[in-house]
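Trainee: Using only what follows, build the 3D model:
(chains A and B)
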Amino acid sequence: MGEVNLTDVRKEYEDVIAVEGMNLTIEDGEFVTLVGPSGCGKSTTLETISGLTTPTSGTIEIAGRDVTNKPPKDRNIAMVFQNIALFPHMTVYENISFGLRLRDFDQEEIDRRVENAVEIVQLEGMLDRSPDELSGGQQQRVGIARAIVREPDVFLMDEPLANLDAKLRVAMRTEIQRLQKELGITSVYVTHDQEEAMTMSDRIAIINDGELQQCSPPLECYNRPVNTFVAQFIGSPSMNLFNGQVDGDDLDVSDFSVEFDTTNTPLQQGDPVTVGIRPEDIYLAADADDIAHPSRPVTVSVDVLEPVGDQTYAYLLSETDGDTTELLMSVDPDKDLSEGDSIEVVFSRDDVHVFDGTTGDAITHSLVDAAAVAEETAVEGEA
Amino acid sequence: MSEQEYTGLTGRIVQYTIQNSADVYRLGFWVGLVSFIMITLFPFYWLLVLAVTPDNQLYQMGIVPENFNIGVFATVVQEYPLHHYIFNSILIATVTVIVCITLGSLAGYAFGRVDFPGKGPLLVLLLIISYFPGIAFLIPLFELLTGSLSILGTPTPDLYNTPWGMVFPFTMLSLPITIFILTTFYSQIPDGLEDAARVEGTTRLGALFRVIMPLSAPGVVTAAIIVFIGVYREFFFSFIMTDGSPENWAVLVYGILNFQQQHTQMYNMMAAASLIGIIPIAVLVIIAQEHIVRGLTAGGLKE
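Mentor: Predicted structure coming up:
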């Protein structure tokens, strides 16, 4: 079991900086997911932990040992790969025991451990098969068995579910989570799927352009995104973002405004801001009584409706003086809405996010009692 | 279909071929196949006829043998050390194959799986060298391998009449093609498998020999057989690097040449020895043919 420590890790390829100033501590037994758009450096970060890539600068510690320049075999890590990477010329048994046999374990110990691992991933009776006789899900289980059989300090997973079909992916997701809790092995999981990250992790590390944006528990990333990137990346469908500025006691967005008390925030009159509102925090004006702090109603027209079953996504257009703003709202499918309707909506002011208009950094995550929120954010920023 | 009448022989043939085009295609196929087989196998048949014709009738020899002297096959083995020559050939070819595959694998790994500056030019250089005829290197190689050169005051070892005197130039001549074949195959093994092996506990070299090489088996076998056959039938360095006696590692081709003496040319013996000498290669190719076919075709395909 071990803690993973990345200090100032930087990886430069010929003309691209893949990872920059990466500082990340993963506690013993913790499940941390690295998430971000493709090419953001999440896989490179994982590769530097695994030793398949040596960082240009910075240090990596696993279980208290500096392993920055150690080859993968001396790091006591195990890895599950996106393309599964079972050795096609070996049977399931040979695949799982590969690492043990390389380390000269005695035969009895190898058999005991393989048996145990196979039981955990529920692959009994398949030891003599070759990988191409197994289904995708079974192959990935062999991959997982191969990783857990060595009882590594750290378990690295590089999009292990990306090549499975949607239904199997959800099932394996739960299984990996259960397994990780059971074994208590420190795990680093890479995915581009924010839903996978939200559901599985103790903490999510959101990476963009090679830089760590935020590393917090899933709900905190959702409720208190540190900047507009995190705000848009976490949550599906994405948060609505509007550019606007402070105007007296209001936040003015192109063609509507939300009441906002700026007294306890660093914001001055006329400061540019970005306002973020999640689709699920927009309500029909008729339901305004259900929420604690509704905003003034805004008149919009319904452009497109996308029913997904448990809810319907409504694309709304707000139009004044020729300016059009698009809003995405998620609404109960029972509501009687049709395309072209003109309706009134309100925002839950407790859940409106305000970001700095130039840097994109979060200023507050609620328009109500901004003072307390601003203070809290400041403390977190330092930590 | 029109009911037009065809008259005359040509007309009827044309009519037949139009109506039975499948038969005509089949006829064409068989004519082609039989011609090809005859062209390929005729030399073997001719060798066989030559071998079984008694030596006093060699000059009136026809397409069909008039007398059978099967004993010639026994003679070349019993009265001449043909088996010793064949053993030398097989041993030298085997050693060359092992050296070539080992060195070729290391180079193939580097060329196929590692990015390094100057890779392209280096491969081209290798290709250029492989086009040189062996004879171009004759004088420097002969001097080097017979102890006539001295490097930093130390004379080079005299390898004349030793197997190494042949293994060395054979390796030099076969290595480029080996590297090319193995580079192609090794470059096609997914990176994930090598990464998995390294995470599981091998070094890069360990991953090469435990994962990449076994998975490239068709390519490795193809390269090995091409090298083996190349060495087995090589004449030039085999002729120069020994004095021709089997105790001094003379190989099969030299043994066959030895039937041609100053005043007599025992063509029937040479033919019989040639036929026997083919056997090891034939056996090898039959055993490995599945691998060779996969190897030669897989090389050109990217999955």
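Trainee: Grab the nearest non-local neighbour of the residue nearest the centre of chain B.
Mentor: Geometric centre of chain B, nearest residue: B:Ile229, 2.5 Å, by CA atoms, centre = their mean. Nearest non-adjacent residue to B:Ile229, counting by CB to CB, 6 or more residues apart in numbering or on different chains: B:Ile281, 6.0 Å away. Glycine gets a C-beta too; all of them are placed from N, C-alpha and C.
Trainee: So that neighbour lies in a strand, does it not?
Mentor: No: secondary structure of B:Ile281 (DSSP: H, G, I helix; E, B strand; the rest coil): helix, not part of a strand.
Trainee: rewinding a little: secondary structure element for the residue nearest to the centre of chain B?
Mentor: Using DSSP states H and E, B:Ile229 maps to helix B:217-232.
Trainee: Quick one: list the elements packing against that helix.
Mentor: Counting contacts by 3 or more CB pairs under 8 Å, 6 or more residues apart in numbering or on different chains; DSSP states H and E, helix B:217-232 is packed against helix B:82-113, helix B:164-187, helix B:267-298.
Trainee: Now with 10 Å, please.
Mentor: Applying 3 or more CB pairs under 10 Å, 6 or more residues apart in numbering or on different chains; DSSP states H and E, one finds that helix B:217-232 contacts helix B:82-113, helix B:164-187, helix B:213-215, helix B:236-240, helix B:267-298.
Trainee: out of the ones you listed, deepest packed?
Mentor: Using mean count of other CB atoms under 10 Å in any protein chain shown, the stretch among the helices and strands packed on helix B:217-232 with the largest mean neighbour count is helix B:164-187, at a mean of 23.
Trainee: touching chain A at all, it?
Mentor: No: judged by CB under 10 Å from any CB of the partner chain, helix B:164-187 and chain A are separated, with a smallest distance of 13.8 Å.
Trainee: so the helix or strand following that helix versus helix B:82-113, what angle?
Mentor: Sequence order places helix B:191-200 as the next helix or strand after helix B:164-187, per DSSP H and E. Using axes from the mean of the first three to the mean of the last three CA atoms, to 10 degrees, the inter-axis angle of helix B:191-200 relative to helix B:82-113 is 90 degrees.
Trainee: Near chain A, which residues of chain B are found?
Mentor: Counting by CB under 10 Å from any CB, chain B sits next to chain A at B:115, B:189-204, B:206-207, B:210-211, B:213-215, B:217.
Trainee: which element is A:Gly99 on?
Mentor: Per DSSP H and E: helix A:92-102 holds A:Gly99.
Trainee: Quick check: which helices or strands does that helix pack against?
Mentor: helix A:107-120, helix A:136-148, helix B:191-200.
Trainee: Going C-terminal from the second one, what's the next secondary structure element?
Mentor: The reference is to helix A:136-148. Defined by DSSP H and E, the subsequent element after helix A:136-148 is strand A:154-158.
Trainee: list the buried ones in the helix or strand that that following strand is followed by?
Mentor: With elements assigned by DSSP H and E, the helix or strand that comes after strand A:154-158 is helix A:166-183. Residues A:169, A:172-173, A:175-177, A:179-180 are the ones in helix A:166-183 that count as buried (16 or more other CB atoms under 10 Å in any protein chain shown).
Trainee: Wait, B:Leu173 touches B:Tyr131, no?
Mentor: No: B:Leu173 is not in contact with B:Tyr131 according to CB atoms under 10 Å; the separation is 11.2 Å.
Trainee: What does the pLDDT read for A:Ala370?
Mentor: Listed pLDDT for A:Ala370 reads 49.
Trainee: now swap in B:Glu5 and tell me
Mentor: 65.
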